[in-house]
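# take this sequence and fold it.
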Amino acid sequence: MGKNREYAEKLKALEGYERKIIAFKLCDEVPAGVEHYGDDLSFLCAIIAEVWQEGRKPFYVTNRNCLCGGALYTGIGNRRIEKEEFDAGMSQTIGMKRGYANRENFRSINQQIPHIFHPHTYLVVGALEDVEDPDVVMVVADAYRVMRLCKAYTWKTGRLVHGLSGSAWCTNSFPLVYKTKTMTYNMGDEQSRCLMNLEPGEQYCIIHYELLPLIVENIENIQTGLATE
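Numbers count the residues shown, from 1 in each chain. This is a model prediction of the structure:
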């Protein structure tokens, strides 16, 4: 994990992130040396935010810990729920002052998202410097710092970074990054931002781990301010 500590420390020193970079790792066997989240149930947004708010060491969750669809989108599949629980969830999602005008729109959104059809059993969550060989990493920072991450990728590869918005941070982030092995950025939605206690100007940037060395290496090469020479 020495290299991940180097990545985290270098990005922190160069970019001044206020929040720790979070790493996510999917696995099918109980991860060694990582504690189980426990039997508590919560929204995945709130669970992830404990890394920032409580300084938690790496832990793992299963879909049984998640009250929301975040388990599906992060790659561990949804737990089976009864109709009454599903309807209760829909009442908080559909309608005026909610996420979507109607169920048809909600269904349409989900049909536009790449799905993970072979879910894993466990999702390890922790600060980048504490998680070995993660699948993806997440930087939450202001728009300027997220732009710089995207620009480091584009500067080196000549490829654009595609953002996605209109739904929750997990929906907008993980399926696309898992499928394309690139990166994306988004603003999340009201619920995810509230549960993670984000400031108004903060955004999510999710990066496939295979890209992280490229971004760390090239973030010093991109333009800062107006070119003067």
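
# show me the helices in the protein, by range?
Assigned by DSSP state H, the chain shows helices spanning 2-15, 44-53, 70-74, 83-91, 103-111, 143-157, 169-180, 190-195, 212-218.

# got the buried residues for the last one?
Buried positions in helix 212-218, judged by neighbour count with 16 or more other Cβ atoms under 10 Å: 212, 215-216, 218. C-beta here means a position set from N, CA and C on the backbone, and glycine is covered the same way.

# tell me if I'm right that Glu202 and Tyr144 touch.
No: the pair Glu202 / Tyr144 is not scored as a contact, 11.0 Å apart, by Cβ atoms under 8 Å.

# show me what contacts Ser42?
Residues in contact with Ser42 (Cβ atoms under 8 Å, 6 or more residues apart in numbering) are 65-67.

# if we use 7 Å, what do you get?
Going by Cβ atoms under 7 Å, 6 or more residues apart in numbering, Ser42 touches 65, 67.

# which strand residues bridge Glu202?
On the basis of DSSP bridges, Glu202 is bridged to Asp142.

# state the distance from it to Asn186.
To Asn186, Glu202 is 11 Å away according to Cβ to Cβ, to the nearest Å.

# comparing these two, which shows the higher neighbour count?
More crowded of Glu202 and Asn186, by other Cβ atoms under 10 Å: Asn186, with 23 against 19.

# surely Asn4 and Leu128 touch.
Yes: Asn4 is within contact range of Leu128, at 5.2 Å (criterion: Cβ atoms under 7 Å).

# neighbour-wise, which of these two wins?
Leu128 (24 against 21).

# wait, doesn't the more buried one sit right on Lys10?
No: here Leu128 does not reach Lys10: they are 11.0 Å apart, not a contact under Cβ under 7 Å.

# mean pLDDT per helix and strand in this structure: which one sits at the bottom?
When each helix and strand of the chain is scored by mean pLDDT, DSSP states H and E, helix 83-91 comes last, with a mean of 65.

# so which bits of stretch 164-175 are buried?
By neighbour count on 16+ other Cβ under 10 Å, the buried set for stretch 164-175 is 164, 167-175.

# Leu226: which of those is nearest?
Leu164 (30.0 Å; Cβ to Cβ).
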